[in-house]
Structures are given as C-alpha cells and as structure tokens.
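Asks: Generate a structure from the sequence data that follows.
(chains A, B, C and D)
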2 protein chains.
Amino acid sequence: MKMHNPPHPGEVLRVLCLEPLGLTVTAAARALRVSRKTLSAILNGRAGISPEMALRLSMAFGTTAESWMNQQVQYDLWHAERSVKKLRVTRLSAA
Amino acid sequence: MKMHNPPHPGEVLRVLCLEPLGLTVTAAARALRVSRKTLSAILNGRAGISPEMALRLSMAFGTTAESWMNQQVQYDLWHAERSVKKLRVTRLSAA
DNA sequence: CGAATCGTAACCCATTGCGTTACAGTCATC
DNA sequence: GATGACTGTAACGCAATGGGTTACGATTCG
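Replies: Sure, this is the predicted structure:
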C-alpha cells in the first residue's frame, strides 16, 4: 500500500480541481481568499497544504479537508524518509 | 466518523507506548535521539508530531509513521476548524 | 498594442520544531 | 535530611515555513 512517488497535493489540486472547472490560478486564489502567490506556491510544489488551506479547499471544492491533509502527509513522509536516510533510533518495542 | 475531540498524539504516545513499557521521558528521549525537552513538549501537547519525529516513533515502537501523522492531522484540523471559525470562501464546485 | 495570466524574486512577519542550559519541584532511597 | 533521578518549562538561538505585498519578465490572446 506504500505509494511509489506521491505527487505533491498541488499537482492534484490543479489537475482535479482547477482544470476541470477551467479556473485560472488568479480566479481560484480570489475565490479561496488567498494571495495568488500562496496558491501558486502550492500548485508548483513550493509549499505544503496547511490545515487552514485544507479547510479552504474543502469549502471551495466540496471535498474533505482530511483528503488534502492526507495527501500532504504522504508527500511529506515519502520525502522525509529519503532526506533523512538514516535515523539512528533505539528500538524499544518488538512490533 | 468525525472525531469528537481528538487527543493530541502525545497523550496517545504516553499512554500506549511509554507507560506500557515503563519508560521514563528521559529514557525514551535518549532512545529516540531527541532532546528531553522536545519529547516532553510533544507528550504535553505543546508541539506536534513532525514527519521526522513520526519516522523516529515508527522505528522505535514498530508502528507506522502514517498512524502518527494521521493522529496529528485529526488534531490539527479539529483545532483549525474552531480557531478559524468563519473562513469566507467562494464555493467553486457543487460537491 | 494592450490586457490578463503566471511564476517568482525580494522583503517582512509570525509560528514552529529542535537544541542547549538552567532552575524549581517531586519522589524515592540512603 | 541529603542525594540523585525524573519532569516540566522558561530563556535563547537557529532554521524552516506559511502567508501577504509589490514588482518584474515572459507568454498568450483579443
């Protein structure tokens, strides 16, 4: 069940939300009451989905905030595993 | 399925991981290779679970990093909903 | 040409995770 | 009663990050 290479949520947002509705970045940012820069950063993978942004997205697109946050978690964990390759931690419990 | 009042992950960590093993905060922090202050902050709800910390916990306790991150998400979203009570967002899509 | 869009850089601000050091309080054992 | 272990936390410092504004160059379209 481990995702191979999870896309950043912004990519999903663009393809599944903006494009189907023919929304421009500017228009979507206005609707979300967020600066164009902030939305652009997310769409291009330069920023993550914050809890508040997840709420905004859920309200604007009729989705759940959890789904956005979960995508972000998958993305973050996948990259954390690879950036911090070797964490020396003492095993405290067997499984 | 919406959690009523999700506990912060630190509480779960303490009750489900430290206590069963009779671990002190100091000992657990040493095992996780984290400062005692950092672990204490998490246990007392003064800090969240970062991706890296989720990885450390998964390695030490044989759990999944996702489970810790998901708990954090539930906690964050629940509080975000209540702190930012009214986000004025334009609905862009019906369901 | 002129207008709209877009990505982004440059700044500024607030928050947050993490480390170290240090202090006060609790508790158990000597 | 003194000693040592454990705990929470304040005070600092550092780096990263989300978000806002302004502004510039590039692209696309009427």
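
Asks: Low-confidence regions, chain A specifically.
Replies: Across chain A, the ranges flagged by pLDDT under 70 are A:1-3, A:94-95.

Asks: change it to 90
Replies: Residues of chain A meeting the criterion pLDDT under 90: A:1-4, A:84-86, A:93-95.

Asks: ok, which residues in it are in contact with chain B?
Replies: Remark: the part of chain A in contact with chain B comprises A:17, A:21, A:23, A:28, A:30-33, A:51-52, A:54-56, A:59-62, A:65-66, A:69-70, A:73-74, A:76-77, A:79-81, A:84, A:87-95, using CB under 8 Å from any CB of the partner chain. For every residue, glycine as well, the C-beta is placed using N, CA and C.

Asks: Buried ones among these?
Replies: For the residues of chain A next to chain B, burial is judged from neighbour counts taken by 16 or more other CB atoms under 10 Å in any protein chain shown, and it is met by A:17, A:23, A:28, A:31-32, A:51-52, A:54-56, A:59-61, A:65-66, A:69-70, A:73-74, A:76-77, A:80-81, A:87, A:89, A:92.

Asks: who touches the lengthiest helix in chain A?
Replies: For chain A, the helix that runs over the most residues, judged by DSSP state H, is helix A:65-83. The set of residues that contact helix A:65-83 without belonging to it, under CB atoms under 8 Å, 6 or more residues apart in numbering or on different chains, is A:3, A:5-9, A:12-13, A:48-49, A:51, A:53-55, A:57-58, B:51-52, B:54-55, B:65-66, B:69-70, B:73-74, B:76-77, B:80-81.

Asks: can you narrow the residues you listed to ones near DNA strand D?
Replies: Among these, the residues that sit close to DNA strand D (CB under 7 Å from any atom of the strand) are A:G48, A:M53.

Asks: Hmm, A:T38 is touching A:R30, no?
Replies: No - at 11.7 Å, A:T38 does not count as touching A:R30 under the criterion of CB atoms under 8 Å.

Asks: Spell out which residues of chain A are next to DNA strand C.
Replies: Residues of chain A found near DNA strand C, taking CB under 7 Å from any atom of the strand as the criterion, are A:T24, A:V25, A:T26, A:A27, A:R36, A:K37, A:S40, A:A41, A:L43, A:N44, A:R46.

Asks: Redo those residues as TSV? Include secondary structure.
Replies: Compiled in TSV, the residues of chain A next to DNA strand C are given as follows (DSSP: H, G, I helix; E, B strand; the rest coil):
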residue	secondary structure
A:T24	coil
A:V25	helix
A:T26	helix
A:A27	helix
A:R36	helix
A:K37	helix
A:S40	helix
A:A41	helix
A:L43	helix
A:N44	coil
A:R46	coil
